[in-house]
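[1] here's a sequence, model it:
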Amino acid sequence: MRIVVNGQQAFGKAVLEKLLERGEDVIAVYGTEDSNGRVDPTVEYARERGLPVYQPATFKTEEATEGLRAMKPDLGVMAYVTKLVPPSFLNVPTKGTIQYHPSLLPRHRGPSSINWPIIQGETRTGLSIFWPDDGLDTGPVLLQKEVEIGPDDTLGSIYFNHLFPMGVEAMLEAVDLVRDGKAPRIEQDEEKATYESWCKAEDVEIDWSRPAGDVYNLIRGANPQPGAWTTCNGRKLQIFDARRDGGSGGPTGSIVATGEDGFTVAAGRGAIFVQRVRPEGGVKIAAREYAAERGLKPGDALGG
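    Coordinates of the predicted model:
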């Protein structure tokens, strides 16, 4: 098949690499525009391999559609794409276009689909390869893979240890199914659909009065991005590595203990042991280092 890859960042590059390694006929690559001298990894790799690279500002033009049509592609492979791609472009390849999404559709449609299941305390997530249409993550599903969310998993561990490598292999599996004429189109159940927008800094401010389990889910679901945060002496403090602590012994948001490995903050029905932080304007450092620099002691309060 004549394949066009549309992707970006490390995931797009990994999918492109695997397709080329096994001898697929990749005829072109679509990627993000160069910005301030920085080149996206997918674009950079495609150029290194001598592939035609296209970086349209938008896919919603007749010029973009006709440019793709002129290449006579059989299959479009979308491996992490953040721009909206209209059906006029998606439907050009004779066998259609397939896309990766890191959730079990129709659950968690939207751009931050790895963060939200963790933040919401779910115990499983997964990935979907689907046939995109004119909606947002609404097209028929081709295949899915499930992943267990462990009690201490973070956004980073779920993505890099599971959804990234599994997603690359799932894309290759989907390409094979399309080639063999065995790729299903399973309609999504709209009654089970959920949607969340970007997980932004304003979504991950810590409310220490919430149950400790909820606070912990927020911290790990935002680690490493966008980074759950609180305030200390009026300045923003992001919290990354942490673990639940059964103790409390103080008002919510107060530091109840400090030690060689970090400090403990009281939350609702429990506490959080903080191990790694990033102070406002600084870099990530060990929580014990931060506590020592700021002279934190039991009784000091975090948050508003």
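[2] report the residue ranges of every domain in this protein.
    What automatic domain parsing lists as the domains of the chain is 2-192, 201-294.
[3] could you tell me the end-to-end distance of the first one?
    Across its full length, domain 2-192 reaches 35 Å between end residues, using C-alpha to C-alpha, to the nearest Å.
[4] ok, back up a step: mind giving me CSV with the domains of the chain and columns for distance to residue 300, mean neighbour count and mean pLDDT?
    Glycine gets a C-beta too; all of them are placed from N, C-alpha and C. Conversion of the domains of the chain to CSV gives the following (distance: least, C-beta to C-beta, whole Å; neighbours: other C-beta atoms under 10 Å; pLDDT from 0 to 100):
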stretch, distance to residue 300, mean neighbour count, mean pLDDT
domain 2-192, 26, 18, 97
domain 201-294, 5, 18, 96
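[5] may I see those domains organised as CSV, with distance to residue 304 added?
    Output for the domains of the chain, formatted as CSV (distance: least, C-beta to C-beta, whole Å):
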stretch, distance to residue 304
domain 2-192, 20
domain 201-294, 6
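[6] where do the helices sit along the stretch 151-300 of the chain?
    Remark: helices assigned in the stretch 151-300 of the chain by DSSP state H, counting those that start in this stretch are 155-158, 164-179, 212-221, 287-294.
[7] output those as JSON lines; include the columns distance to residue 49.
    Output for those, formatted as JSON lines (distance: least, C-beta to C-beta, whole Å):
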{"stretch": "helix 155-158", "distance to residue 49": "29"}
{"stretch": "helix 164-179", "distance to residue 49": "17"}
{"stretch": "helix 212-221", "distance to residue 49": "36"}
{"stretch": "helix 287-294", "distance to residue 49": "44"}
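[8] residue 303 is nearest to which of the domains of the chain?
    Set against residue 303 and scored by C-beta to C-beta, the domains of the chain come closest in domain 201-294, at 4.3 Å.
[9] how close does the nearest residue to residue 11 once chain neighbours are set aside get to residue 40?
    Residue nearest to residue 11 in three dimensions, not counting chain neighbours: residue 80, with 4.5 Å by C-beta to C-beta, 6 or more residues apart in numbering. Remark: distance between residue 80 and residue 40 (C-beta to C-beta, to the nearest Å) = 10 Å.
[10] mutual contacts of the two, please.
    The contact sets of residue 80 and residue 40 overlap at 8-9, 12 (C-beta atoms under 8 Å, 6 or more residues apart in numbering).
[11] of those residues, closest to residue 56?
    The closest of the shared contacts of residue 80 and residue 40 to residue 56 turns out to be residue 8 (C-beta to C-beta; 12.8 Å).
[12] how near is that closest one to residue 173?
    21 Å.
[13] kindly report the same for residue 70.
    29 Å.
[14] follow-up on the earlier one: so which of the domains of the chain is nearest residue 301?
    Nearest of these to residue 301, taken as C-beta to C-beta: domain 201-294 at 5.1 Å.
[15] what's the end-to-end length of the closest one?
    End-to-end distance for domain 201-294: 24 Å, by C-alpha to C-alpha.
[16] please apply the same query to stretch 82-93.
    End-to-end distance for stretch 82-93, by C-alpha to C-alpha: 20 Å.
[17] give me the contact list for it.
    4, 6, 8, 32, 58-60, 64-65, 68-69, 73-76, 78, 96-97, 111, 132-134.
[18] and what of stretch 269-282?
    Residues contacting stretch 269-282 (C-beta under 8 Å, 6+ apart): 211-213, 215-216, 219, 227, 232, 235-249, 256, 261-265, 284-287, 290.
[19] let's go with 7 Å and repeat that
    By C-beta atoms under 7 Å, 6 or more residues apart in numbering, the surrounding residues in contact with stretch 269-282 are 211-212, 215-216, 227, 235-248, 256, 261-265, 284-287, 290.
[20] end-to-end on it?
    Stretch 269-282 has an end-to-end distance of 31 Å (criterion: C-alpha to C-alpha).
[21] what do you get for stretch 206-215?
    Using C-alpha to C-alpha, one end of stretch 206-215 lies 7 Å from the other.
[22] tell me how far that stretch lies from the chain's centre.
    23 Å (C-alpha atoms, centre = their mean, to the nearest Å).
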